[in-house]
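Peer 1: predicted model and sequence below, questions to follow.
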Amino acid sequence: MERNLKNVLVVSFGFLLLFTAYGGLQSLQSSLYSEEGLGVAALSTLYGSMLLSSMFLPPVLIGKLGCKWTLVLAMCCYVAFSLGNFYASWYTLIPTSVLVGLGAAALWSAQGTYLTIVGNVEARKTGQVGKDVVSQYFGIFFLIFQSSGVWGNLISSLVFGQTPTQGTIPEEQLQACGASDCLMAVASTNSTKRPSQDLIYTLMGIYTGCGFLAVLLTAVFLEPVRDAQPEGEGEKQAPPFWSTLLSTFKLLRDKRLRLLILLPMLSGFEQAFLSGDYTRSYTTCALGIQFVGYVMICFGAVDALCSVLFGRLARYIGRTALFALGAVTQLACIVALLLWKPHPSQLPVFFVFPGLWGMADAVWQTQNNALFGVLFEKNKEAAFANYRLWEALGFVIAFGYSTFLCVSVKLYVLLGVLSAAMAAYGAVECMESAKAAERTKPAEEGVTQTKL
């Protein structure tokens, strides 16, 4: 097998194992630990610490340890979160959430940097366009990675489905589900009984095992990689510590990045809504916690398939068309969720929304990452650190207001963020088109003068 592709697959399967555990846990936090809002508080803390660590940690860690060992160290933080869920309390979940937040920014920045480097190396070796290979590698990664949503949620549904946890839900209770839910995260959303502690221990044991396997796979089989320097530049001196530390913020001088920060924020808002609000206010409220996994499987499966499809389609139809598809799909879902009254008799509809949401999310994950890797190729570490910083801010805000806003208001907020993000993205594409036109103009004039 070709060497660069092998490394992409090792990263992809490492993330598959890691997020089989973490993704399943995240989907269950708001439903499993609804008392006093512990689950949502843990997620808010997690993304809050991710936000802080994104400001300085990724460039420093990647510079000191390299992409490979940054990935390994960050994965260990995720394993700690699985261990914390064995005995969930404010004293175990909050500290381990902080650990995951610290590791998450470094994990994703290292992943983005690694795939961009191997993609450009492969492009130079085969004579292809760099951005096409990078986009294709991100597509392969997200195909494998997004399937973690299938396996993680399938495991939780099979484990929790061993004993019945829900009786018939009264009609008056169903009226408070969906966009009408204003009970917030601090109260139990319905009469759903909590699974037994034995089942919870079984699930946490499986998830922790997956995390340990991810760490071993990456540590043993992933090859370290260095960014190739352009010819004639020679060895670059290592930048000063404070320069590296502040590189994340220095990149904000670029007007394009200041506009594009809305894209990762949108990613944070929409993922937080699905994992925190849709699972609790629609699925658990109307069907029961044992259906959360099955519903999220639909999201993960569609997301995975569309990720590889969009990674390949990007080279033929361009990223602008894909961004438009993602925006229209998510807009349609938001409007429909505002109008829909969830009821157990409409079982297929509970799976349609996560499927469409997965299609839109596949656009954001593959194209956002490829866009940041291509536009900021010379400052990849800082660019991906910024991406995770602003995505984390989206998560923090969304989980933060989850405890005191009605679901309908959250959907209107998401609609506003989607509209602003697409407008900003359109402005960046116009700027890039203008730059491209300026570059080709002198070349065309030169050809004309030669002919004369």
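Peer 2: Received it, and whenever you're ready, just let me know what you need.
Peer 1: the helices in the stretch 1-150 of the chain, which residues?
Peer 2: Assigned by DSSP state H, counting those that start in this stretch, the helices in the stretch 1-150 of the chain fall at 3-32, 38-54, 57-84, 90-126, 130-146, 148-160.
Peer 1: nearest to residue 400, of these?
Peer 2: In terms of Cβ to Cβ, the element of the helices of the stretch 1-150 of the chain nearest to residue 400 is helix 38-54, at 5.4 Å. Yep, even glycine has a C-beta here, placed from its N, CA and C like the rest.
Peer 1: buried residues, that closest one. List them.
Peer 2: Buried residues in helix 38-54, counted by 16 or more other Cβ atoms under 10 Å: 38-54.
Peer 1: run a quick neighbour tally on residue 254.
Peer 2: 16 (other Cβ atoms under 10 Å).
Peer 1: hang on, it packs against residue 376?
Peer 2: Yes: between residue 254 and residue 376 there is a contact under Cβ atoms under 8 Å: 7.4 Å.
Peer 1: closest one to residue 434 among the helices of the stretch 1-150 of the chain?
Peer 2: helix 130-146 (18.3 Å).
Peer 1: who are the packing partners of the closest one?
Peer 2: Applying 3 or more Cβ pairs under 8 Å, 6 or more residues apart in numbering; DSSP states H and E, one finds that helix 130-146 contacts helix 3-32, helix 90-126, helix 292-317, helix 347-375.
Peer 1: which residues of the stretch 251-400 of the chain score low on pLDDT?
Peer 2: By pLDDT under 70, the stretch 251-400 of the chain has no low-scoring segment.
Peer 1: go with 80
Peer 2: Scanning the stretch 251-400 of the chain for pLDDT under 80 picks out the ranges 289-290, 311, 377, 380-381, 385.
Peer 1: ok, and for whichever strand or helix holds residue 200, which residues are buried?
Peer 2: Here residue 200, judged by DSSP states H and E, is contained in helix 197-221. Under the neighbour-count criterion of 16+ other Cβ under 10 Å, helix 197-221 has 199-200, 202-204, 206-208, 210-215, 217-219 buried.
Peer 1: next: stretch 369-384.
Peer 2: Buried, per 16+ other Cβ under 10 Å, within stretch 369-384: 369-377, 379-384.
Peer 1: ok, so of those, who is nearest residue 433?
Peer 2: For the buried residues of stretch 369-384, the nearest to residue 433 is residue 375 (13.0 Å; Cβ to Cβ).
Peer 1: so which strand or helix has the closest residue in space to the closest one that isn't next to it in sequence?
Peer 2: Leaving aside its sequence neighbours, residue 375 sits nearest to residue 256 (Cβ to Cβ, 6 or more residues apart in numbering; 6.0 Å). Taking DSSP H and E as the definition, residue 256 sits inside helix 255-260.
Peer 1: list the contacts of the very next helix or strand once past that helix.
Peer 2: On the C-terminal side of helix 255-260, the closest following helix or strand by DSSP H and E is helix 262-272. Surrounding helix 262-272, the residues in contact under the criterion Cβ atoms under 8 Å, 6 or more residues apart in numbering are 43, 47, 330, 357, 360-361, 364-365, 368, 371, 386-399, 402, 413-414, 417-418, 420-421, 424-425.
Peer 1: take those and keep only those in helices.
Peer 2: The helices, defined by DSSP state H, take in 43, 47, 330, 357, 360-361, 364-365, 368, 371, 386-399, 413-414, 417-418, 420-421, 424-425 from those.
Peer 1: show the buried residues in these.
Peer 2: Buried subset of the ones in helices among the contacts of helix 262-272 (neighbour count, 16+ other Cβ under 10 Å): 43, 47, 330, 357, 360-361, 364-365, 368, 371, 386-399, 413-414, 417-418, 421, 424-425.
Peer 1: you'd agree residue 395 is up against residue 49?
Peer 2: No: judged on Cβ under 8 Å, residue 395 makes no contact with residue 49 at a distance of 11.0 Å.
Peer 1: wait, residue 29 touches residue 40, no?
Peer 2: Yes: at 7.0 Å, residue 29 counts as touching residue 40 under the criterion of Cβ under 8 Å.
Peer 1: overlap in contacts of the two?
Peer 2: By the contact definition Cβ under 8 Å, 6+ apart, residue 29 and residue 40 are jointly contacted by residue 276.
Peer 1: so who does residue 305 touch?
Peer 2: Applying Cβ under 8 Å, 6+ apart, the residues contacting residue 305 are 143, 362.
Peer 1: nope, residue 20 is what I meant
Peer 2: 148, 151-152, 155, 207, 210.
Peer 1: do you know how far it is from residue 134?
Peer 2: 25 Å (Cβ to Cβ, to the nearest Å).
Peer 1: one more: residue 394?
Peer 2: For residue 394, the distance to residue 134 - Cβ to Cβ - is 24 Å.
Peer 1: try residue 93
Peer 2: Distance from residue 93 to residue 134, counting by Cβ to Cβ: 37 Å.
Peer 1: quick one: which of these two has more around it?
Peer 2: residue 134 (27 against 23).
Peer 1: once you drop chain neighbours, what's closest to the more buried one?
Peer 2: Here the residue nearest residue 134, using Cβ to Cβ, 6+ apart, is residue 119, at 3.6 Å.
Peer 1: around that neighbour, how many other residues sit close by?
Peer 2: With other Cβ under 10 Å as criterion, residue 119 counts 25.
Peer 1: residues contacting it?
Peer 2: Applying Cβ under 8 Å, 6+ apart, the residues near residue 119 are 4, 130, 133-134, 136-138, 373.
Peer 1: and which of these is nearest residue 341?
Peer 2: residue 138 (38.1 Å).
Peer 1: can I assume the closest one is in contact with residue 372?
Peer 2: No: in this structure residue 138 lies outside contact range of residue 372 using Cβ under 8 Å: 10.2 Å.
Peer 1: for residue 88, see how far away the closest residue in space to residue 89 that isn't next to it in sequence is.
Peer 2: Nearest non-adjacent residue to residue 89, counting by Cβ to Cβ, 6+ apart: residue 38, 7.8 Å away. For residue 38, the distance to residue 88 equals 7 Å [Cβ to Cβ].
Peer 1: same question, residue 392
Peer 2: Look at residue 392 and residue 88: by Cβ to Cβ, they are 22 Å apart.
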